[in-house]
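Asks: for reference, the sequence and a predicted model appear below.
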Amino acid sequence: MDKYQILKKYFGYDCFREGQEEIIDTLLLGQDAFGIMPTGAGKSLCYQVPALLMKGITLVVSPLISLMKDQVGTLNQAGIHAAFLNSTLSAGQYKRALQLAGEGTYKIIYIAPERLLTESFLAFALGADISMVTVDEAHCVSQWGQDFRPAYLKIAEFIRLLPKRPVVSAFTATATREVREDVLAALELQEPKMITTGFDRKNLFYRVSAEADKFAEVMHYLTEHPTESGIIYCLTRKIVEEVCARLWQKGIPAVRYHAGLSDRERQKNQDDFLYDAAPVMVATNAFGMGIDKSNVRFVIHYNMPKNIESYYQEAGRAGRDGEEANCILLYAPKDVVLNQFLIDQETEHGVLTEEEMELVKERDRERLKQMTFYCTTNGCLREFILRYFGEYTTNYCKKCSNCLTEFEEIDITQIARTIAACVKSSGQRFGMTVITDTLHGSRSSKLKQNGMAKNKYFGSLADVPIYRIRQVMQFLSHKGYIFVTKDQYPIVKLTETSEALFDQTPVLMKAAKEQEKKPAADQTKQGGNKQKSHFAGTDYALFEELRKLRMEIAKTEKVPPYIVFSDKSLRDMSARKPKTKAAFLAVNGVGEHKCRKYGEQFLDVIAKWEEK
């Protein structure tokens, strides 16, 4: 078989997506490859297709148990023999898996990086015919990445121990220039072909909301989209517990996930989410990497993440099937303070020296600053993300909340000058909150204690809304007129550029037209996930019948529903209404194995539906 026959036979697709064929051809020629492709772009096919065409075994180094389990389950459903080696296997199961691997039963083996250099696995690997080593989530090798995993640094050592060097491939969805350089060096890739398909996920709608009542925003969205499955990310375990408890009180079938729960509860809650028993997952960032659930229609960040890389990766868990999905970030200034605290308390990178650790923290503070700018910009949100990763595009995407909001340029000269004057008169000793409260004339005891209640600028902007003062301060920081230190308690300082505020040039800032601003829900509906807009020609009543059948099969086989067929496949079925197995094979995502296994059942439901 050739690559096209493999693609159709096992995966049910007629053609490759952007970048896939180029990477596959590179690997089949025996050349190393480094693929940087967004979530949902089909990275796994880039190594699974050549793995089936190569003579020997392909090892896939994967960071999470859930990722391995999901990938192996999907491959076995497609009729491909695959296995994983991790801590979930008993000693007997592990030994048996290695025995079957040695007998050539598996073409693809997933393994955790910590197990590569163990005595038992090395004994197997040194005697096996390993054609390719694939490193998934390759950004984990970089200390500058958001998911640094020290064990990834041992991968190159493992490859050097093999009697014959295999082809090496690496894949990630998020990689800044520094991370790319780390991956190339740490994995010792040899003259690799680097393929970047771009970071733009055109099916995702981005929105940032600064509304005071975050939970009300969440409930409004869930009420408007009652049948959708999605993730709500929170910054701490405490917030996860609070949000999940309030959702239960409102009758929302939600589950929770964070490191403070027992392994048993985390696994049960994750399975309930994957199997659609609980459509809403409330979690810290401990959840998600390796979760291949294709029908996640929304990701809501209840708090601002600490960097763009994490946000892009977490938000990107929505819409993996390529259909429209919403990515909503609920921002509050105190999120910045909490993130700053978490960065200062960071101690997980145990392999780093104290000096290296401080460098990492310095980088993290700078990345937090960029994340804050994202949350407060009036420009295109999609363009901001793409520019961060080194891509440049139009600054009007028509699919983010900022592009759907009408803006006007307002003169903030007097506000800006007053802010700078207040900072200067206070000796540049306070943070944004104290300066804002002083200018607005707050009666808090804190201002009396630190003497700012007697500052000559106290109450000078009493007629300006607090949110506007904060907005202007963020704008001034972004433009370099003021500087916010990166200490544990950030202080507002003046810069050389600050003097420009006092010349005759007006300072202008884009701001939403208050009277024109649309309600948050309306913005989401305009550019986001519209009900019944996913697939042209879909018969949604039939689609629901097919979903019921899929759920029955999933329960019987004890696999997540999307592993049987994705929502995209079911929508295509309901649009095409195939009558024969040959026509069923033409459905998106239906391969020969799944056609033989499930074809009659789905064709029968479709036929009965047509008779009604």
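Replies: Here it is on my side, so go on. Residues are numbered from 1 along each chain as shown.
Asks: now do the helices in the stretch 401-550 of the chain.
Replies: 413-425, 432-440, 445-450, 466-478, 520-527, 540-557 (DSSP state H, counting those that start in this stretch).
Asks: relative to Y206, which of the ones you listed is closest?
Replies: Of all the helices of the stretch 401-550 of the chain, the one in closest proximity to Y206, counting by Cβ to Cβ, is helix 520-527 (8.6 Å). Quick note: C-beta positions are derived from backbone N, CA and C, even for glycine.
Asks: ok, back up a step: TSV please, covering the helices of the stretch 401-550 of the chain and showing mean pLDDT, mean neighbour count and distance to V72.
Replies: Output for those, formatted as TSV (pLDDT from 0 to 100; neighbours: other Cβ atoms under 10 Å; distance: least, Cβ to Cβ, whole Å):
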stretch	mean pLDDT	mean neighbour count	distance to V72
helix 413-425	94	19	57
helix 432-440	93	22	49
helix 445-450	91	12	56
helix 466-478	87	20	46
helix 520-527	44	18	36
helix 540-557	89	16	14
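Asks: adding distance to E224, write those helices out as CSV.
Replies: Putting the helices of the stretch 401-550 of the chain into CSV (distance: least, Cβ to Cβ, whole Å) gives the following:
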stretch, distance to E224
helix 413-425, 36
helix 432-440, 33
helix 445-450, 40
helix 466-478, 25
helix 520-527, 6
helix 540-557, 17
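Asks: for A173, find the nearest of those helices.
Replies: Each of those was scored for nearness to A173 using Cβ to Cβ, and the closest is helix 520-527 (22.5 Å).
Asks: hmm, back to that, so which of the helices of the stretch 401-550 of the chain gets nearest A511?
Replies: For these, proximity to A511 was assessed by Cβ to Cβ; helix 466-478 is nearest, at 7.2 Å.
Asks: returning to what we had before: and of the helices of the stretch 401-550 of the chain, who's closest to G79?
Replies: helix 540-557 (14.1 Å).
Asks: and the closest one, what does it pack against?
Replies: Using 3 or more Cβ pairs under 8 Å, 6 or more residues apart in numbering; DSSP states H and E as the contact criterion, the secondary-structure elements in contact with helix 540-557 are helix 561-564, helix 567-576, helix 592-611.
Asks: and of these, who's closest to L7?
Replies: Of all these, it is helix 592-611 that lies closest to L7, at 11.4 Å by Cβ to Cβ.
Asks: quick one: distance of the closest one to the chain centre.
Replies: What separates the centre of helix 592-611 from the centre of its chain is 34 Å, taken as Cα atoms, centre = their mean, to the nearest Å.
Asks: what does stretch 45-65 give?
Replies: Relative to its parent chain, stretch 45-65 has a centroid offset of 23 Å by Cα atoms, centre = their mean.
Asks: next: stretch 299-315.
Replies: The answer for stretch 299-315 is 7 Å, by Cα atoms, centre = their mean.
Asks: let me know the average pLDDT across that stretch.
Replies: Predicted confidence along stretch 299-315 averages 93 (mean pLDDT).
Asks: measure it end to end?
Replies: Using Cα to Cα, to the nearest Å, the end-to-end distance of stretch 299-315 comes out at 6 Å.
Asks: give the buried residues for it.
Replies: Going by neighbour count (16 or more other Cβ atoms under 10 Å), the buried part of stretch 299-315 is 299-315.
Asks: out of the residues you listed, list just those in helices.
Replies: Filtering the buried residues of stretch 299-315 for membership in helices, criterion DSSP state H, returns 308-315.
Asks: pipe those into JSON lines and attach distance to N285 per row.
Replies: JSON lines is the format used below for those (distance: Cβ to Cβ, whole Å):
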{"residue": "I308", "distance to N285": "14"}
{"residue": "E309", "distance to N285": "11"}
{"residue": "S310", "distance to N285": "6"}
{"residue": "Y311", "distance to N285": "10"}
{"residue": "Y312", "distance to N285": "13"}
{"residue": "Q313", "distance to N285": "9"}
{"residue": "E314", "distance to N285": "6"}
{"residue": "A315", "distance to N285": "12"}
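Asks: follow-up on the earlier one: so which of the helices of the stretch 401-550 of the chain gets nearest D14?
Replies: Closest to D14 of these is helix 540-557 (Cβ to Cβ; 21.0 Å).
Asks: how far off centre is the closest one?
Replies: Helix 540-557 has its C-alpha centroid displaced from the chain centroid by 28 Å (Cα atoms, centre = their mean).
Asks: give me the contact list for it.
Replies: Taking Cβ atoms under 8 Å, 6 or more residues apart in numbering as the criterion, the residues outside helix 540-557 that touch it are 275-276, 532, 560-561, 563-565, 567, 570-571, 573-574, 577, 598, 601-602, 605-606, 609.
Asks: export that helix to CSV, keeping only CA atoms.
Replies: Extracted in CSV, the C-alpha atoms of helix 540-557 (Å, rounded to 0.1, in the frame of the first residue of the first chain):
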residue,chain,number,x,y,z
TYR,A,540,-30.1,17.6,12.7
ALA,A,541,-32.9,15.3,13.7
LEU,A,542,-31.1,12.4,12.0
PHE,A,543,-27.8,13.6,13.5
GLU,A,544,-29.3,13.2,17.0
GLU,A,545,-30.4,9.6,16.2
LEU,A,546,-26.9,8.8,15.0
ARG,A,547,-25.5,10.3,18.2
LYS,A,548,-27.7,8.0,20.3
LEU,A,549,-26.5,4.9,18.4
ARG,A,550,-22.9,6.1,18.8
MET,A,551,-23.4,6.5,22.6
GLU,A,552,-24.9,2.9,22.8
ILE,A,553,-21.8,1.5,21.0
ALA,A,554,-19.4,3.6,23.1
LYS,A,555,-21.0,2.3,26.3
THR,A,556,-20.8,-1.3,25.1
GLU,A,557,-17.2,-1.0,24.0
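Asks: can you list the weak-confidence ranges in the stretch 101-250 of the chain?
Replies: Counting by pLDDT under 70, the stretch 101-250 of the chain contains low-confidence ranges at 144-146.
Asks: which residues of it fall in helices?
Replies: 119-127, 155-161, 177-186, 214-224, 237-249.
Asks: now those as a markdown table including mean neighbour count?
Replies: Putting the helices of the stretch 101-250 of the chain into a markdown table (neighbours: other Cβ atoms under 10 Å) gives the following:
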| stretch | mean neighbour count |
| --- | --- |
| helix 119-127 | 14 |
| helix 155-161 | 16 |
| helix 177-186 | 18 |
| helix 214-224 | 17 |
| helix 237-249 | 17 |
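Asks: could those helices go into CSV alongside distance to T134?
Replies: Below are those laid out as CSV (distance: least, Cβ to Cβ, whole Å):
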stretch, distance to T134
helix 119-127, 14
helix 155-161, 10
helix 177-186, 13
helix 214-224, 37
helix 237-249, 33
